[in-house]
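**Student:** no sequence for this one, just the structure:
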């Protein structure tokens, strides 16, 4: 059996893999493009300040442009890595949330579907409603009280899928709800 993510159990079927909505990536790349335009305009700035085209300052100006270009390339790489490595997986047994906060901070949380207590979908703002993206909150009985999937496409469908999979779990394997009867002591 081929495993598609770390920790996948045998017989575990993936129902959904989701990342942040593409518009989130597009917004970050648009901001990055603004800085690319600034780089492209740097030669026009050099023409406006004649001292920058003179011998002692020209090499320093070119060095600064090269360093700026390296930061631009690194920033694009960083934007893509953070986007690509943030994902959520919904299987027939659990929900897995993989968060890449920066290049050195990576967390992976999982929640068995039997521990799900509540699932909420939320769409905020103008762009969220236009492009149909938002957050999904999964309330649990586990150590991590709430899972949050930020900026996922079609959050209502994701919440419905999690609830539908929860309903298919045999009732004897469900976690006891708070305030329930846990038996005699």
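**Tutor:** Everything's here; your move. A quick note: this is a predicted structure, and the numbers were derived from the prediction, not measured.

**Student:** can I see the domain layout of this structure?
**Tutor:** 14-20+87-173, 26-82 (automatic domain parsing).

**Student:** most packed of those domains?
**Tutor:** Among these, ranked by average contacts under mean count of other C-beta atoms under 10 Å, first place goes to domain 14-20+87-173 (a mean of 16). In short, each C-beta sits where N, CA and C put it, glycine included.

**Student:** average model confidence for it?
**Tutor:** For domain 14-20+87-173, the mean per-residue pLDDT is 90.

**Student:** Likewise for stretch 43-53?
**Tutor:** 79.

**Student:** residues making contact with it?
**Tutor:** 57, 58, 61 (C-beta atoms under 8 Å, 6 or more residues apart in numbering).

**Student:** just stretch 114-128 next, same as before
**Tutor:** 23, 95, 129, 132-142, 155-156, 158-159, 162-163, 166, 169, 173-175, 177.

**Student:** all strands for the chain, in order.
**Tutor:** Per DSSP state E, the chain carries strands over the ranges 14-18, 87-91, 94-102, 105-112, 116-122, 133-140, 146-153.

**Student:** who does the second one pair up with?
**Tutor:** Using DSSP bridges, the neighbouring strands of strand 87-91 in the sheet come out as strand 14-18 (antiparallel), strand 94-102 (antiparallel).

**Student:** can you tell which of those is closest to residue 36?
**Tutor:** Nearest to residue 36, of all the strands paired with strand 87-91, is strand 94-102, at 22.3 Å by C-beta to C-beta.
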